[in-house]
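Undergrad: need a 3D model of the following:
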Amino acid sequence: MLHLLWSSLLIGGLMGYGKSYLARLIAAAAALDPTVRIVVITGKTGPDWAPLRHVAHQWIAGASPDIIRRVLGVIEGTITEMQDRGTELDRLYEQDPDLVPEGKITRDLAAKGMGPVLLVVDELQELLDGAALVQVPIEDEPENGGRAKTRSGRDLMVEGFARYVRVTRFVGGMGIFITQRPDASSVPTALREVCAKRASYRVKGDRSAKMVLGDDAVAGGAAPHLLGDASKGVVVLDQGEESGHATLKADVIDLPEFRDICLRGRQLREDAGTLTGDAVEYGKEDAEEAARVRLLTDCVSVLDAAEVDRARTERLLELLQQALPDRYEDVTKPQLQARLRDAGAGTTGKLGPIDGMGNPNGYTRAQIADAIPRKKG
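TA: The predicted model follows:
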């Protein structure tokens, strides 16, 4: 059991030993809670976090200069928004102290728009390397027309991530930071020290283990540097508790399962009215595809229920309206033909003798079923 609320988690280790799987477990739980806002920042493009695009308020991939600047802006904006929550909590406390016991977000407040915010940062080392190449102006109007002062994007990024952890946790801010190169440059002390929870997969030496878990944990026996080649999925987890660290093997959610979870999370957010940001636009194409598949599946289902392998358009529409009036009650024959064509079922064809007619036009079950996309695997 891992309780992340009010804290953040740093995950480090060599490539290919399971870091993303551990983070994916947490992200899956967040996806299934429609009150959680998710922000994804990954230093590389790829499929690992693509399913979260269905639910993520913001989703950023890459480490180009423009992307680095966008990341810095997103972090600053998120911190500002979360601090505004603190101001609102003060107001609510003055209005009625019972509304904010302990001065923190409650389930009721989360349901009303103050839900937790989960920041997922993967490929931290790539982001920091990219940020080191970016100089960011820190003054709007230089004095005497001189050159504007700048700061390293890397320094600003480290400060931004660390500040997010420090100042937002009291209002529901959580972070997961993942790096596959645990050294001084990719795991800045300023960031590690504010992450109350730390997890390390296999690393090459005790120095790298300390970079992720800290000196105290390694001194207390935490030894991810002693894990072998066969230790994929094994993680040393320190939750910052008196009980110390634990060495365990985490569960696995593969990408197809993760996508199903995120699609379920999207539906939960749509039902709750909490789908926001990038996910709204991203999901339009996916929702249209889902609607096409649903139409094809519905047609096959009603044909099977009627125990027929073909039907005129009028008869097919009649079957749909009888079985699923909420979906098809207002659909006309031309609309059904257009939708089936757009869904890949093609146009009507000759059916042979049917319904007392010699050779009317319509659709065969095989024609519609063949248009249904097949799941990979």
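Undergrad: helix, strand or coil for the nearest residue to R341 once chain neighbours are set aside?
TA: In this structure, R341 finds its nearest non-sequential neighbour in T347, 6.0 Å apart by Cβ to Cβ, 6 or more residues apart in numbering. No exception for glycine: its C-beta is placed from N, CA and C like everyone else's. T347 carries the three-state label coil when classified by DSSP: H, G, I helix; E, B strand; the rest coil.
Undergrad: now L263. Nearest residue, chain neighbours left out?
TA: H54 (5.8 Å).
Undergrad: and T297, by the same measure?
TA: Spatially, and ignoring its direct neighbours in sequence, T297 is nearest to I372 (6.4 Å; Cβ to Cβ, 6+ apart).
Undergrad: got it, and R192?
TA: L10 (5.7 Å).
Undergrad: now do the helices in the stretch 201-350 of the chain.
TA: Counting by DSSP state H, counting those that start in this stretch, the stretch 201-350 of the chain has helices at residues 206-213, 215-219, 255-272, 278-305, 313-323, 325-328, 333-342.
Undergrad: most packed of these?
TA: For those, ranked by mean neighbour count under the definition mean count of other Cβ atoms under 10 Å, the leader is helix 206-213 at a mean of 23.
Undergrad: so what does it touch, helix or strand wise?
TA: The contact analysis (3 or more Cβ pairs under 8 Å, 6 or more residues apart in numbering; DSSP states H and E) places helix 206-213 against strand 8-12, strand 197-200, helix 215-219, strand 234-238.
Undergrad: quick one: which of those is nearest R294?
TA: Between R294 and the helices and strands packed on helix 206-213, the shortest separation by Cβ to Cβ is 37.8 Å, and it involves strand 8-12.
Undergrad: just checking: what are the partner strands of that closest one?
TA: For strand 8-12, the paired strands and their directions (DSSP bridges) are strand 173-179 (parallel), strand 197-200 (parallel).
Undergrad: what's the angle from that strand to strand 234-238?
TA: With axes from the mean of the first three to the mean of the last three Cα atoms, to 10 degrees as the criterion, the two stretches strand 8-12 and strand 234-238 enclose an angle of 140 degrees.
Undergrad: I'd like the next helix or strand past strand 8-12.
TA: The helix or strand immediately downstream of strand 8-12 is helix 19-31, counting by DSSP states H and E.
Undergrad: okay, buried residues for that following helix please.
TA: By 16 or more other Cβ atoms under 10 Å, the buried positions in helix 19-31 come out as K19, S20, Y21, L22, A23, R24, L25, I26, A27, A28, A30, A31.
Undergrad: identify all contacting residues around that helix.
TA: Outside of helix 19-31, the residues that reach it under the criterion Cβ atoms under 8 Å, 6 or more residues apart in numbering are 2, 4, 9, 11-13, 36, 38, 48-49, 52, 55, 116, 118, 120, 122, 176, 178, 180, 199, 201, 233, 235, 250-253, 258, 261-262, 264-265.
Undergrad: got the angle for that helix vs strand 173-179?
TA: Using the same axes, to 10 degrees: helix 19-31 against strand 173-179 is 160 degrees.
Undergrad: which elements pack onto the helix or strand following helix 19-31?
TA: Sequence order places strand 37-42 as the next helix or strand after helix 19-31, per DSSP H and E. Here strand 37-42 is seen to pack against helix 19-31, strand 58-61, helix 65-95, strand 117-122 when contacts are counted using 3+ Cβ pairs under 8 Å, 6+ apart.
Undergrad: quick one: which of the ones you listed is nearest K149?
TA: By Cβ to Cβ (comparing all of the helices and strands packed on strand 37-42), the closest turns out to be helix 65-95, at 15.9 Å.
Undergrad: contacts only, for L92.
TA: Applying Cβ under 8 Å, 6+ apart, the residues contacting L92 are L99, V100, L109.
Undergrad: report the separation between the second one and V36.
TA: Here V100 is placed at a distance of 19 Å from V36 (Cβ to Cβ, to the nearest Å).
Undergrad: ditto for the first one
TA: L99 is 21 Å from V36, where distance means Cβ to Cβ.
Undergrad: more neighbours: the two, which one.
TA: Neighbours were counted for L99 and for V36 using other Cβ atoms under 10 Å; V36 has more, 23 against 14.
Undergrad: what's the burial count for M114?
TA: One way to gauge burial is a neighbour count; for M114, by other Cβ under 10 Å, it gives 20.
Undergrad: contact partners for it?
TA: Applying Cβ under 8 Å, 6+ apart, one finds that M114 lies in contact with R85, E88, I105, V171, G172.
Undergrad: hang on, the third one in a helix?
TA: Looking back up the chat, that one is I105. No - I105 is assigned coil when assessed by three-state DSSP, not a helix.
Undergrad: what's the span of stretch 44-56, first residue to last?
TA: The first and last residues of stretch 44-56 sit 17 Å apart, counting by Cα to Cα, to the nearest Å.
Undergrad: my bad, should have said stretch 220-236
TA: Using Cα to Cα, one end of stretch 220-236 lies 12 Å from the other.
Undergrad: ramachandran angles for the residue nearest to T150 when sequence neighbours are not counted?
TA: For T150, the nearest residue in space outside its immediate sequence neighbours is Q135; the separation is 4.0 Å by Cβ to Cβ, 6+ apart. Per-residue torsions, Q135: phi -110, psi 130 (degrees, to the nearest 10).
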